[in-house]
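Undergrad: here is my input, please return the structure:
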Amino acid sequence: MSSKRIIIIGGSAAGPKTASKARRMDQNAEIILFQKEKDLSMASCGFPYYVGGVFDDRNQLLCTPTGVTRDPDFFVTTKNIIAKTETEIIKIDKTAKIVIAKDLKTDKDTEYSYDKLVICTGATSFKPPIPGIDAKGISALKTMSDADFLRKIRDEKKIKKAIIIGGGLIGIETCEALQLAGIKTAIIELQDQILPFLDYELAKKVENYMKSLGVEIITSNGVSEFIKNENNELTGIKLQDGKEISCELAVVSIGVRPASKLAKEAGLKITETGAVWVDEYMQTDDPHIYSAGDCVETKHLITGKNVYSPMGDLANLQGRVIGENLVKGNKRKFKGVLQTGICKVFEYSAGATGLSKKQAIKAGYNNIETVVNAGPYRPGFMGATVIVSKLVVNKDDRRILGYQCICEGDISKQIGMAAMAITGKLTIDDISNADLPYAPPFSLAIEHFIVSCHIIQNKIDDGLKGITSVELKKRLDNNEKPFLIDLRGPDEYEMMRLGIGEKLIPLGKLKNSLDQIPQDKNTEIICFCKISLRGYEASLILKNLGWTNVSILEGGIMGWPFDREK
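TA: Now for the predicted structure:
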């Protein structure tokens with residue numbers, strides 16, 4: 001019989017998962033879970049959807065998949081795990097192997113010894129030192145109390161204008177929740193784009209979509225002051241450029257910081273970002289102490305460097321690894337992350353895995369190839385919408401480094417495929433003939449992710465030249481004038497067009513319209529259509545006829561994120 005005592009600090013994601021896995025592996029160990037908050041095992045990624053009214057029963061954030069509430073009674077009766085809520089661990093003595101727990105209801109301290117200790121203290125919302133940040137009406141969306149506060153605002157229907165500070169995942173999801181509640185919402189983002197895990201051209205398209213739904217988005221600007229009245233109530237914000245915007249609510253969503261104070265005070269190793277250091281077994285530099293979740297750093301599977309990646313799915317996976325290692329010894333490894341992420345943006349979805357182009361360059365990959373691919377994810381007769389994606393490849397070994405895409409619909413399948421391809425260190429050649437499930441309700445005969453790999457093959461092996469929308473827009477802004485050909489039909493052109501100086505020549509008439517093309521065979525020519533498939537065909541025709549400087553506009557009109565004539 002085991003007499004081991006396992007103490008776990010933190011009851012959100014990693015902590016309960018660790019406790020549950022350890023119990024399954026060892027039916028005799030004494031397992032005690034301490035949670036500072038009142039609630040346990042909260043589905044924090046569901047907070048925006050509770051706030052937005054997708055569901056109304058708060059208890060669903062605390063339930064198992066079968067609808068049983070995960071409270072202390074559930075843990076003790078179902079799992080034989082003691083869960084002490086509203087109890088804060090205030091000290092760890094790693095030499096004596098004890099912790100001091102403070103009961104927040106009685107203010108009483110109690111000492112507990114441990115054989116193994118697991119720190120899952122999570123993260124805290126970053127609160128910038130901006131004047132007025134203490135005003136009433138400023139919140140985050142990190143805790144259950146934050147969710148309760150914002151849900152109350154939604155239900156009361158008194159507030160008319162809200163500001164979201166930060167255009168990352170949580171900021172975007174919170175914006176949707178408030179906008180759907182009838183609250184006019186604006187996003188303020190210090191960087192030049194929202195959704196920083198995307199490269200600019202895809203992020204810009206998401207921004208355009210959100211603006212079309214009435215969301216105000218201000219980039220390359222930040223908040224310099226929160227304006228409040230004599231009752232300390234928020235009345236507006238002042239931007240760094242001096243502009244003032246009135247509002248009654250502000251949600252600060254500019255990231256989180258690892259809650260590592262307890263571990264640091266115990267003398268455990270802390271990283272440069274302030275996270276708890278762990279090895280591949282999720283063990284700290286003390287052999288009796290493990291750590292998981294939003295308070296730790298882990299290795300990036302591509303760069304090999306440690307990264308801070310506070311995601312709920314990773315917290316659960318790490319907790320499972322620790323649960324096994326507590327019982328079996330260090331047998332199970334958590335090998336690392338790709339920082340895969342996805343979010344719902346009204347009817348759009350946006351996701352990414354691995355490295356974006358800018359991240360790959362920053363990581364030292366100097367010989368990369370990318371492609372922006374726009375195309376329907378299933379046949380038109382099945383009601384297809386267009387996926388716009390970007391694939392990043394290391395030309396040296398042809399391995400996939402990153403993938404990102406956006407779509408009006410679900411792109412989780414494409415992001416999931418790419419994540420597994422990167423995890424498996426697959427090349428574009430491995431993917432190019434992959435046997436994936438196909439039927440018209442689900443995909444085209446050649447799936448979108450595979451098509452992206454085909455295009456990269458064409459660029460690396462067959463000399464296909466592409467130009468991105470960002471590159472072309474920059475050149476046009478510099479008064480460069482390549483010869484642009486739109487290969488669609490007249491009806492399509494009248495319905496939608498870029499209006500950037502292009503010449504309309506339908507693909508079927510191209511060979512009989514060569515006199516409309518500059519006769520200098522070295523002239524730069526850029527071909528495109530709605531998704532640039534016809535642009536690709538035209539580029540091959542022109543190159544075969546002797547034009548030497550022909551490229552395609554990657555993604556075509558559907559990939560163009562800037563203003564257009566129609």
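Undergrad: which stretches of the chain have low pLDDT?
TA: For the chain, the stretches with pLDDT under 70 are 1-2.
Undergrad: residue closest to the middle of it?
TA: Nearest to the geometric centre of the chain sits Gly341, at 3.3 Å (CA atoms, centre = their mean).
Undergrad: quick one, helices of the stretch 51-200 of the chain?
TA: 72-79, 144-156, 169-180, 200-212 (DSSP state H, counting those that start in this stretch).
Undergrad: mean neighbour count and distance to Ile302 added to those, as a markdown table?
TA: (Glycine included, C-beta is placed from N, CA and C.) Listed next are these as a markdown table, based on neighbours: other CB atoms under 10 Å; distance: least, CB to CB, whole Å:
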| stretch | mean neighbour count | distance to Ile302 |
| --- | --- | --- |
| helix 72-79 | 15 | 37 |
| helix 144-156 | 17 | 33 |
| helix 169-180 | 24 | 20 |
| helix 200-212 | 20 | 19 |
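Undergrad: picking that back up, ok, now which ones touch the residue nearest to the centre of the chain?
TA: The neighbours of Gly341, taking CB atoms under 8 Å, 6 or more residues apart in numbering as the test, are 169, 197, 311, 351-353.
Undergrad: which one of those sits closest to Ser3?
TA: Nearest to Ser3 among the contacts of Gly341, counting by CB to CB, is Met311 at 35.5 Å.
Undergrad: these two touch, right, Ser291 and Gly122?
TA: No: look at Ser291 against Gly122 with CB atoms under 8 Å: they stay out of range, at 10.7 Å.
Undergrad: buried set for the longest helix along the chain?
TA: Secondary structure of the chain per DSSP state H: the longest helix is helix 312-328. Buried positions in helix 312-328, judged by neighbour count with 16 or more other CB atoms under 10 Å: 312, 314-327.
Undergrad: list just the nearest of the residues you listed to Tyr403.
TA: Lowest distance from Tyr403 to those (CB to CB) belongs to Leu314, with 18.5 Å.
Undergrad: which residue sits closest to the closest one, ignoring its sequence neighbours?
TA: Nearest residue to Leu314, sequence neighbours excluded (CB to CB, 6 or more residues apart in numbering): Val337, at 6.0 Å.
Undergrad: neighbour count: Ser291 and Gly122, which is higher?
TA: Neighbour count, other CB atoms under 10 Å: between Ser291 and Gly122, Ser291 has more, with 30 against 26.
Undergrad: gap between that one and Gln179?
TA: Counting by CB to CB, to the nearest Å, the separation of Ser291 from Gln179 is 37 Å.
Undergrad: just Gly336 next, same as before
TA: Gly336 is 36 Å from Gln179, by CB to CB.
Undergrad: cool, and Met210?
TA: Using CB to CB, we find Met210 at a distance of 9 Å from Gln179.
Undergrad: which residues do these two both contact?
TA: Applying CB under 8 Å, 6+ apart, one finds that Met210 and Gln179 are jointly contacted by Phe346.
Undergrad: output the contacting helices and strands for the longest helix of the chain.
TA: Contacts defined by 3 or more CB pairs under 8 Å, 6 or more residues apart in numbering; DSSP states H and E place helix 312-328 against helix 14-25, strand 116-119, strand 289-291.
Undergrad: tabulate the ones you listed (CSV), appending distance to Ile89.
TA: Listed next are the helices and strands packed on helix 312-328 as CSV, based on distance: least, CB to CB, whole Å:
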stretch, distance to Ile89
helix 14-25, 11
strand 116-119, 9
strand 289-291, 12
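Undergrad: out of those, flag the one nearest Gly556.
TA: helix 14-25 (44.1 Å).
Undergrad: and that closest one, what's buried?
TA: 14-23.
Undergrad: same check, this time on stretch 103-120
TA: Buried-residue list, stretch 103-120, by 16+ other CB under 10 Å: 112, 114, 116-120.
Undergrad: which of those residues lies closest to Glu37?
TA: Nearest member of those to Glu37, counting by CB to CB, is Cys120, at 12.6 Å.
Undergrad: if I look at the residue nearest to Ser246 when sequence neighbours are not counted, how far off is Ala135?
TA: Among residues not flanking Ser246 along the chain, Gly236 sits closest, at 4.2 Å (CB to CB, 6+ apart). Counting by CB to CB, the gap from Gly236 to Ala135 is 10 Å.
Undergrad: can you pull the residues that touch both of those two?
TA: With CB under 8 Å, 6+ apart as the test, Gly236 and Ala135 both reach Phe226.
Undergrad: tell me which stretches of the stretch 201-350 of the chain form helices.
TA: Going by DSSP H, counting those that start in this stretch, the stretch 201-350 of the chain shows helices at 261-265, 312-328.
Undergrad: what's around Ser432, how many residues?
TA: Ser432 has 15 nearby residues by other CB under 10 Å.
Undergrad: again with Ile100
TA: Neighbourhood size, Ile100 [other CB under 10 Å]: 14.
Undergrad: for it, give the beta-bridge partners.
TA: Listed beta-bridge partners, Ile100: Lys91, Glu111 (assigned using DSSP bridges).
Undergrad: might you report the residue contacts of it?
TA: Taking CB under 8 Å, 6+ apart, one finds 89-91, 93, 109-112 in contact with Ile100.
Undergrad: switch those over to a markdown table; also include distance to Asn544.
TA: A markdown table is the format used below for those (distance: CB to CB, whole Å):
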| residue | distance to Asn544 |
| --- | --- |
| Ile89 | 72 |
| Ile90 | 76 |
| Lys91 | 76 |
| Asp93 | 77 |
| Asp109 | 82 |
| Thr110 | 82 |
| Glu111 | 82 |
| Tyr112 | 78 |
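Undergrad: looking at these, spot the one nearest Leu401.
TA: Distance to Leu401, by CB to CB, is smallest for Ile89 among those, at 40.7 Å.
Undergrad: what distance do you get for the closest one to Ile289?
TA: Here Ile89 is placed at a distance of 12 Å from Ile289 (CB to CB).
Undergrad: before we move on, what about Ala266?
TA: In terms of CB to CB, Ala266 sits 8 Å off from Ile289.
Undergrad: do the same with Val371
TA: Taken as CB to CB, the span from Val371 to Ile289 is 46 Å.
Undergrad: wait, His446 sits on Ser452?
TA: To be clear, residue 446 is Ile; His isn't right here. No: here Ile446 lies out of contact with Ser452, judged by CB under 8 Å, at a distance of 10.3 Å.
Undergrad: comparing these two, which residue is more hemmed in?
TA: Ser452 (28 against 15).
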